[in-house]
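Trainee: structure, please.
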Amino acid sequence: MKRLLFTLVMIFSVVALYAQDDKGYKDGEWVLSGVTGLNLSQTAMSNWSAGGENSVAGNAYLNGSLLHKSGNWLWQNTLVLDYGLSQNKTNGTQKTNDNINFTTQLGYSTNNKWFYTLMGDFKTQFAHGYKYPDRDNYISTFMAPAYSNISLGLEFRPKANYSIYLSPISGKMTFVNDDYLSDLGSFGVDPGKRFKAEFGAYLKARVEQPVMENVNLVSTVDFFTPYNDQFGNVDVNWDILISMKVNKFLSATLNTTLKYDNDVKTVDAEGNRKGAKVQLKEVLGVGIAYHF
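Mentor: Numbers count the residues shown, from 1 in each chain. Coordinates of the predicted model:
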C-alpha cells in the first residue's frame, strides 16, 4: 500500500507541474467550467460465423466546477455524476458505472495562494449494484455505502485550476442506510449498524488541465488515514477524466477510478473474508460532449 501511495503522489506531482494554463477567476464573478456528455456503443450481427451477439451500451456523465471569489474569500463547488448500462441477450441489462460525488469548500486568504479552508464532501451511487451474474443479492445501493468527509485545513492554490489541500483535522463518516447490507456489516460498519465515524488526516489534490490540443484532463485524488490503531493504512480515491474533442460536439472520453479502503474487505469463491484490495475501474467511450 505504501508503494501505491508513493506512486500516486509522484504521478500527480508530475501532472501538476504542467498545470500552467487556467481560466482564472475575477473578483465578484462566478466561474463555471466542466464537461458533460453521453457515450454510446452498439454491436449488431447477422449470420456472423465467428460468433457473438447483439449488444448496446451507454454512459452519461457530468464533471463540473463552480467557483466564486469575493475579496479574500474563495468558494468552490465540484460535482461528478456518472451512470452507465449495458445490455445483451446472454447477460441482460447490467450496470457498468454509477457515481455521485459532490465537494464544497470555502477558503480565506490574504495572498491568493494559501487558503485557510473548510471542506465537505459527499459520495454515493444512484442504484443497486450486483456482483454479476448473481442478481439475487445486491452488494450496494443508494446511501449504502455513502461517504462524507468534513475537514479544516490549509489549501495551496497557485492557479485556479490546480490545488493541494491538507487537513490534520478531518472526520470521515460512512453510511450504510440499508437493513440487508447493514446486517452483513458491509463497508466497515459493525453488523446491524448504519454509521461509522473516523477521525484522521486528509489530503486532496485536484487539477484541470489541457494536456495537448483538444485533449483535457480533470483529475482528483483523496487520501485519508485515521488516528487509531489503523493509522498508516491510507484510504485512496483517485479519479481521472480525459476528454478528447473531435469537433464541437463529438468526443472520446477515458474515465478511470482507483480505490483502496482498508475497511472494505473482499470475499473469495468459498465465501471466506479476505483483506482489502486495490479496486480499479476504467470506462472508454465515444459520443457527444459539451464543454462549458
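
Trainee: from residue 200, how far off is residue 239?
Mentor: According to Cβ to Cβ, to the nearest Å, residue 239 and residue 200 sit 21 Å apart. Heads up, the C-betas are built off the backbone N, CA and C, glycines and all.

Trainee: which neighbours does the one helix or strand residue 151 maps to have in its sheet, and in what orientation?
Mentor: Residue 151 is part of strand 146-159, with elements assigned from DSSP states H and E. Strand 146-159 pairs in its sheet with strand 114-124 (antiparallel), strand 162-175 (antiparallel), by DSSP bridges.

Trainee: what about the nearest residue to residue 286 once chain neighbours are set aside, neighbour count?
Mentor: For residue 286, ignoring the flanking residues on the chain, the nearest one in space by Cβ to Cβ, 6 or more residues apart in numbering is residue 252 at 4.7 Å. Residues near residue 252, counting by other Cβ atoms under 10 Å, number 17.

Trainee: so which helix or strand takes in residue 284?
Mentor: Using DSSP H and E, residue 284 sits within strand 279-291.

Trainee: ok so, going back, any idea how far the strand holding residue 151 is from the chain center?
Mentor: When C-alpha coordinates are averaged (Cα atoms, centre = their mean, to the nearest Å), strand 146-159 and its chain have centres 15 Å apart.

Trainee: can you list the residues that contact it?
Mentor: Contact partners of strand 146-159, identified using Cβ atoms under 8 Å, 6 or more residues apart in numbering, comprise 19-20, 22, 24, 74, 105, 107, 112-124, 163-175, 177, 202, 222, 224.

Trainee: if we can go back for a sec, model confidence over the strand holding residue 284, on average?
Mentor: The average pLDDT within strand 279-291 is 84.

Trainee: buried residues in the host helix or strand of residue 97, which are they?
Mentor: Under the criterion of DSSP H and E, residue 97 resides in strand 92-108. If you call a residue buried by 16 or more other Cβ atoms under 10 Å, then strand 92-108 has these buried ones: 94, 95, 97, 98, 99, 100, 101, 103, 105, 106, 107.

Trainee: list the backbone torsions phi and psi for residue 188.
Mentor: The phi and psi values for residue 188, taken as degrees, to the nearest 10, are phi 90, psi 0.

Trainee: which residues are in contact with it?
Mentor: Taking Cβ under 8 Å, 6+ apart, we find residue 188 in contact with 174, 196, 261, 263, 264.

Trainee: cool, thanks, talk later.
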